[in-house]
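quick one: sequence plus predicted model below, questions after.
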There are 2 protein chains.
Amino acid sequence: MTKPTVRKRETYHVGNLVPLLLSAAREMLEEVGPTKLSMRALSERVGVSSAAIYHHYSNRAELIVHLAALGFRELGKVHAVRDKTAPSLQKLRTGCLTYLNFARSNPALYQLMFGPECSAETISPVLLKAREEAFNELMEAVAEILNLDKEIEEVHDAAFSIWSYTHGLASLVIHGAMQPPPNMTEEGLIDKTLQGFAHLLNATQGTANSPA
Amino acid sequence: MTKPTVRKRETYHVGNLVPLLLSAAREMLEEVGPTKLSMRALSERVGVSSAAIYHHYSNRAELIVHLAALGFRELGKVHAVRDKTAPSLQKLRTGCLTYLNFARSNPALYQLMFGPECSAETISPVLLKAREEAFNELMEAVAEILNLDKEIEEVHDAAFSIWSYTHGLASLVIHGAMQPPPNMTEEGLIDKTLQGFAHLLNATQGTANSPA
DNA sequence: ACCTGAACACCGTTCAAGT
DNA sequence: ACCTGAACACCGTTCAAGT
């Protein structure tokens, strides 16, 4: 009770650090938010010296990037399960729902994945690959919805379109910039926005320069 | 040449700090990126002690929020200029273009505005008001596109839809998650994604549970 | 009222030394 | 090979003291 009990390390940690680090980091991330993950706090949580981390990741940026890559792999995985027999609209809705669900269940991780710390200049191949594979899964899903081959340009374009929309939706909802009425389900939110889009596109039909 | 010339302050700064601070902060933000704006570096740039800032903003978070609010006011302003005589599709396209343009011209500020440091828990009324006014401007634009009264629910829904889409698009492009072919203009990017959406919605028409 | 210097408690990162 | 303690250069924030 006299001194603030600086609980000294009693053991000399050995081996197997990486998975411990990663899972602790992921936990802390959701606790403290996407910008406040600290190397020192993380090392303390895991029970090693802060310098220990640097034998596995060259710096904080690299740890962050590996965390994000893990997120993209997971995002790809949840999109890999698809019901091929469902009608197109159903496929579209459940696809969007899956995406929104992932984002809302891992808000800090999601913000990290698309945040400035994983941005263009950080060309880390680990992250790049994970992200590309996630986008690829998305394209497969879109190909099934459109009933077209995945290599066709329209599929790529459409995939980019729904990615923009779902990412925007997830992003705004997590951020709190727009909050849906509290009684609205995620399905409801997706249906509402999808209908909103349909209205908009209908209203702009028949005027000049309509899509090819 | 002997000592690293720590250039001592010669004058005692007086008054008018806030605008200097804000404009310097905005400049630095784009230079160092949305996560790395430092109070100490900012104060040095402006030529005051780091403690001086705290007489105008109670902490870093508040400075950030005011910077973001400034961004939302500007976003609202650029959307306020509209050509009421244009056909609906034209209105939609130029609206999206304006949005994308603002985001790409102020990438760090844009990321800040929608980043975790301006997130839900930060209920700062300054930011809230600026953001609401920006969204309001967006709703006016959508009302004109749909030729409906702004208070109608469909307008609100449609506004939320395009906000999701344009924010997602801007966000992904700034982030670098998807990069458009270098020869593609912003108009081209918007047309492509808009068409992608139209395809998708067409393909899902006529299956079960179509929109009301 | 507004600004400053010095201090405190943090942080990322490095490095010689320990196991 | 993997880990540690101590150090360095940063950072946000506070506060008594100066103008």
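Looks like it came in fine. Numbers count the residues shown, from 1 in each chain, chains lettered A, B, ... in the order given.

which stretches of chain A form strands?
In chain A, no strands are found when defined by DSSP state E.

low-confidence regions, it specifically.
A:1-11, A:13-14, A:206-212 (pLDDT under 70).

same thing but at 90, please
For chain A, the stretches flagged by pLDDT under 90 are A:1-16, A:120-123, A:178-179, A:205-212.

which residue ranges of it form helices?
Taking DSSP state H as the test, the helices found in chain A are A:17-32, A:39-46, A:50-53, A:60-80, A:88-105, A:107-113, A:125-146, A:153-175, A:186-203.

as a markdown table, those with distance to DNA strand D would be great.
In short, each C-beta sits where N, CA and C put it, glycine included. As requested, the helices of chain A are exported to a markdown table (distance: least, C-beta to the nearest atom of the strand, whole Å):
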| stretch | distance to DNA strand D |
| --- | --- |
| helix A:17-32 | 4 |
| helix A:39-46 | 7 |
| helix A:50-53 | 3 |
| helix A:60-80 | 13 |
| helix A:88-105 | 28 |
| helix A:107-113 | 20 |
| helix A:125-146 | 18 |
| helix A:153-175 | 21 |
| helix A:186-203 | 34 |
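
dump those to a markdown table, plus distance to residue B:66 and mean neighbour count.
Formatted as a markdown table, those follow (distance: least, C-beta to C-beta, whole Å; neighbours: other C-beta atoms under 10 Å in any protein chain shown):
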| stretch | distance to residue B:66 | mean neighbour count |
| --- | --- | --- |
| helix A:17-32 | 24 | 16 |
| helix A:39-46 | 28 | 16 |
| helix A:50-53 | 34 | 15 |
| helix A:60-80 | 27 | 19 |
| helix A:88-105 | 28 | 19 |
| helix A:107-113 | 22 | 23 |
| helix A:125-146 | 33 | 19 |
| helix A:153-175 | 18 | 22 |
| helix A:186-203 | 31 | 20 |
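
need these in a markdown table with distance to residue B:129, can you?
Converted to a markdown table, the helices of chain A look like this (distance: least, C-beta to C-beta, whole Å):
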| stretch | distance to residue B:129 |
| --- | --- |
| helix A:17-32 | 28 |
| helix A:39-46 | 35 |
| helix A:50-53 | 42 |
| helix A:60-80 | 33 |
| helix A:88-105 | 26 |
| helix A:107-113 | 24 |
| helix A:125-146 | 36 |
| helix A:153-175 | 17 |
| helix A:186-203 | 25 |
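
can those go into a markdown table with extra columns for distance to chain B?
Putting the helices of chain A into a markdown table (distance: least, C-beta to the nearest C-beta, whole Å) gives the following:
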| stretch | distance to chain B |
| --- | --- |
| helix A:17-32 | 10 |
| helix A:39-46 | 15 |
| helix A:50-53 | 20 |
| helix A:60-80 | 10 |
| helix A:88-105 | 4 |
| helix A:107-113 | 5 |
| helix A:125-146 | 5 |
| helix A:153-175 | 3 |
| helix A:186-203 | 3 |
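
between those helices, which gets nearest to residue B:174?
helix A:153-175 (11.9 Å; C-beta to C-beta).

other SSEs contacting that closest one?
In terms of contacts (3 or more C-beta pairs under 8 Å, 6 or more residues apart in numbering or on different chains; DSSP states H and E), helix A:153-175 is packed against helix A:88-105, helix A:107-113, helix A:125-146, helix A:186-203, helix B:153-175, helix B:186-203.

which one of those lies nearest to residue A:54?
helix A:125-146 (17.5 Å).

show me the contacts for the nearest residue to residue A:150 once chain neighbours are set aside.
Closest residue to residue A:150 apart from its sequence neighbours, by C-beta to C-beta, 6 or more residues apart in numbering or on different chains: residue A:143 at 4.2 Å. Residue A:143 is in contact with A:149-150, A:152, A:155, counting by C-beta atoms under 8 Å, 6 or more residues apart in numbering or on different chains.

which of those has the most neighbours?
Greatest neighbour count in the contacts of residue A:143, by other C-beta atoms under 10 Å in any protein chain shown, goes to residue A:155: 22 neighbours.

that residue and residue A:149 touch, don't they?
Yes - in terms of C-beta atoms under 8 Å, residue A:155 counts as a neighbour of residue A:149; the distance is 7.2 Å.

ok, now which ones touch the most centrally placed residue in chain A?
With distances taken as C-alpha atoms, centre = their mean, chain A has residue A:110 as the residue nearest its mean C-alpha position (3.7 Å). With contact set as C-beta under 8 Å, 6+ apart, residue A:110 has these partners: A:71, A:102-103, A:170, A:174.
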